[in-house]
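Visitor: need a structure here:
(chains A, B and C)
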Amino acid sequence: MVHQQLLSFITQGRKTHDITDQVREVVSQSGIQMGMAHIFVQHTSCSLLLTENADPDVHRDLETLFGRIAPDGDSAYRHDMEGPDDMPAHARSVLAGSSLSIPVGGGRLLLGVWQGVYLWEHRHRSHQRRVMVTVMG
Amino acid sequence: MVHQQLLSFITQGRKTHDITDQVREVVSQSGIQMGMAHIFVQHTSCSLLLTENADPDVHRDLETLFGRIAPDGDSAYRHDMEGPDDMPAHARSVLAGSSLSIPVGGGRLLLGVWQGVYLWEHRHRSHQRRVMVTVMG
Amino acid sequence: MVHQQLLSFITQGRKTHDITDQVREVVSQSGIQMGMAHIFVQHTSCSLLLTENADPDVHRDLETLFGRIAPDGDSAYRHDMEGPDDMPAHARSVLAGSSLSIPVGGGRLLLGVWQGVYLWEHRHRSHQRRVMVTVMG
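Guide: A predicted model of the protein is given here:
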């Protein structure tokens, strides 16, 4: 059994957006009791993130560390057509990943107590982001 | 067809723990011949790792590199409630990933000759870790 | 319904190889209308990459950044049996990942406009690489 639904989000610049409830809702609507939920962004300059949902400083610190790994406006970049955050966005997308897979059991997402699902915008401008959720079981 | 099983492990501080045999056993018990095994940690401070199973120095060198990317006790961290290894554990979890998906064929995990499945504890203390395995086919 | 097919590629040293068309072909042959395609390399020294398909400079810049994170011949490595690119290849494999999952809808891969699927060779020598594609739906 497969249930597929496209979600759409307007991001507000480089930060994380909690989408856990929207993903839970798709799983609930699917009626699938046991299996897996697959979440996928159809973009190369934002990521999905599975991380601590309690202290917002965790996301701030992740920004700090990812900013060191792929700094904005690094002089080594050759791909900078869309500005200093263009190439860093692609690099962050590769490092943090474009998809997440989460087990489904008892008709719900089997997340740990501290795990939340986030859409992580890597560009400084606002963007419309398409997130495809596929529940299989 | 879906088969789901929760595994539990007691880790011994920051190091890798080979869980390949336990995952193989779940695949075998599932009776599923062709499909995929999904492995998921319900935590934000440890990872799953698919890497070289022959030379333990590979894991030691991964520790060295991840220790550079997200050093313990970095003065930039704002999230350090649980100690100097708290934020590095979350960052490593994002970089190495919380889940793995491995193809299943002929009733077994289709790993390459040198691939092993590891639970990678990022905290210095021992922890009990929940690993959910979902086999679909 | 599950369809599984092994693809094989000869890589030409450390660079990316576009395999989007080959994966699309497997999805088409599967006849599966809705679900997911799972792509997996059976090796620990190359990766799969989902990234920009338009400007080759994106891949060049990713090389630059990954070369900083895991430099060839770093004096800290203990695993260097196969040369200065041996350990960096394992580290890149962990960071960029050994598998990709992409939603399938309407009988085709639901990639974004700018997303391409690449096999990323991390070794300097040419290698034969096995890529297992599993389509489920």
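Visitor: Next, name the residue at the spatial heart of chain A.
Guide: In chain A, the residue lying closest to the centroid (Cα atoms, centre = their mean) is A:L48, at 1.6 Å.
Visitor: Now that that one has come up, it's in contact with A:G116, right?
Guide: No. A:L48 is beyond contact range of A:G116, at 11.2 Å (criterion: Cβ atoms under 8 Å). No exception for glycine: its C-beta is placed from N, CA and C like everyone else's.
Visitor: where does chain A dip in pLDDT?
Guide: Scanning chain A for pLDDT under 70 picks out no residues.
Visitor: Measure how buried A:G97 is and give me the count.
Guide: Using other Cβ atoms under 10 Å in any protein chain shown, the number of residues around A:G97 comes to 24.
Visitor: ok, now A:G73?
Guide: 12.
Visitor: ok, and the closest non-adjacent residue to it?
Guide: Closest residue in space to A:G73, ignoring its immediate chain neighbours: A:P84 at 3.4 Å, by Cβ to Cβ, 6 or more residues apart in numbering or on different chains.
Visitor: and the one you found, helix, strand or coil?
Guide: Put simply, A:P84 is coil when judged by DSSP: H, G, I helix; E, B strand; the rest coil.
Visitor: Mind naming the longest helix for chain A?
Guide: helix A:57-69 (DSSP state H).
Visitor: Tell me which residues of it come out buried.
Guide: Within helix A:57-69, the residues that qualify as buried are A:58-63, A:65-66, A:69, counting by 16 or more other Cβ atoms under 10 Å in any protein chain shown.
Visitor: cool, stretch A:123-131 as well?
Guide: A:123, A:127, A:129, A:131.
Visitor: and chain A, which of its residues are near chain B?
Guide: Residues of chain A that fall close to chain B, judged by Cβ under 8 Å from any Cβ of the partner chain: A:34-36, A:49-52, A:55, A:57-58, A:60-62, A:64-65, A:69, A:95-97, A:100-103, A:105, A:110-115, A:136-137.
Visitor: Report the buried members of those.
Guide: Buried among those by 16+ other Cβ under 10 Å: A:34-36, A:49-52, A:55, A:58, A:60-62, A:65, A:69, A:95-97, A:100-103, A:105, A:110-112, A:114-115, A:136-137.
Visitor: returning to that earlier point: closest to B:D80 among the buried residues of stretch A:123-131?
Guide: Using Cβ to Cβ, A:R123 comes nearest to B:D80 of the buried residues of stretch A:123-131, at 29.0 Å.
Visitor: Next up, phi/psi of the closest one, please.
Guide: Dihedral pair for A:R123: phi -90, psi 150, per degrees, to the nearest 10.
Visitor: Equivalent analysis for A:A37, please.
Guide: Dihedral angles (degrees, to the nearest 10) for A:A37: phi -110, psi 130.
Visitor: who touches it in this structure?
Guide: Residues near A:A37 by Cβ atoms under 8 Å, 6 or more residues apart in numbering or on different chains: A:23, A:26-27, A:101-104, A:109, A:133-135.
Visitor: same thing with A:W120?
Guide: Residues in contact with A:W120 (Cβ under 8 Å, 6+ apart) are A:15-17, A:46-49, A:92, A:96.
Visitor: Also A:R14?
Guide: A:63, A:85, A:121-124.
Visitor: Give me the subset of the contacts of A:W120 that lies in strands.
Guide: Counted as lying in strands by DSSP state E, out of these, are A:16-17, A:46-49.
Visitor: quick one, what contacts whatever residue of chain A ends up closest to chain B?
Guide: For chain A, the residue closest to chain B is A:G112, as judged by Cβ to the nearest Cβ, at 3.2 Å. A:G112 sits next to B:41-44, B:130 when contact means Cβ under 8 Å, 6+ apart.
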